[in-house]
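Undergrad: what follows is a protein structure lacking sequence information:
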């Protein structure tokens, strides 16, 4: 079984700004910062799928995305999203777009027969997970760095989650280029 999802990799300029931000806040207790090559905006989490189904999923996604035009996601704000207990996630959140939501629904339609999980976020919020957070008291004070207002979405990638001794790593299995708008 492979844990897979469709994502938009983060542009190098934006990725570098997040790395500088993480470095400036490395003193914060309870933050486990996302590694540089793991920055992405998840479009749709497919979940655990049988390895033999990966080629068919890729073919269906390629067919779906072959006519997809590029679009922009506009940065909105930073947010600490509290989870269960003392855990949470620190996000760089983008404004919701109908195009993003519609594309997520289309992806769901073409991969649903391969999914082994129930969809937890039927209308996903475009965001980049910058850190996993374990709270120990009050919420930490973070300074907001200046960021570009947009992230150009010109391709998607099917990624798999790989567990390593150093933590989670995401590997690209397939790339789907969009048509320039």
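TA: Now that the structure is in, tell me what you want to look at. Note that the structure is predicted; figures quoted are calculated from it, not measured. Numbers count the residues shown, from 1 in each chain.

Undergrad: rest of the way, CA atoms for contacts and neighbours
TA: OK.

Undergrad: the closest residue to residue 97 other than its chain neighbours: neighbouring residues, count only.
TA: The spatial neighbour of residue 97 that comes closest, neighbours along the chain excluded (C-alpha to C-alpha, 6 or more residues apart in numbering), is residue 73 at 7.5 Å. By the criterion of other C-alpha atoms under 10 Å, residue 73 has 19 neighbours.

Undergrad: the host helix or strand of residue 73 packs against which elements?
TA: Secondary structure assignment for residue 73, by DSSP states H and E: strand 71-82. If you count contacts as 3 or more C-alpha pairs under 8 Å, 6 or more residues apart in numbering; DSSP states H and E, strand 71-82 packs onto strand 87-94, strand 150-153.

Undergrad: out of those strands, flag the one nearest residue 1.
TA: Distance to residue 1, taken as C-alpha to C-alpha, is lowest for strand 87-94 among those, at 26.0 Å.

Undergrad: quickly list what residue 150 is bridged to.
TA: Residue 150 forms beta bridges with residue 74, as assigned by DSSP bridges.

Undergrad: if I look at it, how far off is residue 14?
TA: 9 Å (C-alpha to C-alpha, to the nearest Å).
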